[in-house]
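> The amino acid sequence is not available; the structure is as follows:
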């Protein structure tokens, strides 16, 4: 079994981007592609906090749900 550690602490500050935007006062998610092809997703307001790790397919499904109002992200 592969153990996934908190991606934020191992990845550092570089390479994150905000793929979604909204009217929530700047509180949004940031995404970073990992070397193995997966994606780390974190809250921009908590860069030292935890990150979720998604495969490309999982991120696509999450994104569609997010856009349809069926998904939310709470890492705290």
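Everything's here; your move. What you see is a predicted model; the values in this text were computed from it and never measured.
> Mind jotting down where the helices sit in the chain?
With DSSP state H as the criterion, the chain has helices at 7-11, 56-67.
> For the last one, buried residues please.
Of the residues in helix 56-67, those scored as buried under the neighbour-count criterion (16 or more other Cβ atoms under 10 Å) are 59, 62-63, 66. Just so you know, the C-beta spots here come from the backbone N, C-alpha and C atoms, and that holds for glycine as well.
> Turn those residues into CSV, including pLDDT and distance to residue 40.
Output for the buried residues of helix 56-67, formatted as CSV (pLDDT from 0 to 100; distance: Cβ to Cβ, whole Å):
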residue, pLDDT, distance to residue 40
59, 88, 10
62, 81, 13
63, 81, 15
66, 75, 16
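> want to try JSON lines for those residues, with distance to residue 52 as columns?
Formatted as JSON lines, the buried residues of helix 56-67 follow (distance: Cβ to Cβ, whole Å):
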{"residue": "59", "distance to residue 52": "9"}
{"residue": "62", "distance to residue 52": "9"}
{"residue": "63", "distance to residue 52": "13"}
{"residue": "66", "distance to residue 52": "12"}
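> before we move on, the earlier item: which one of the helices of the chain lies nearest to residue 50?
helix 7-11 (6.8 Å; Cβ to Cβ).
> rewinding a little: from the buried residues of helix 56-67, which is closest to residue 31?
For those, the minimum distance to residue 31 (Cβ to Cβ) is 7.7 Å, reached by residue 59.
> ok, the closest one - contacts?
31, 39, 41 (Cβ atoms under 8 Å, 6 or more residues apart in numbering).
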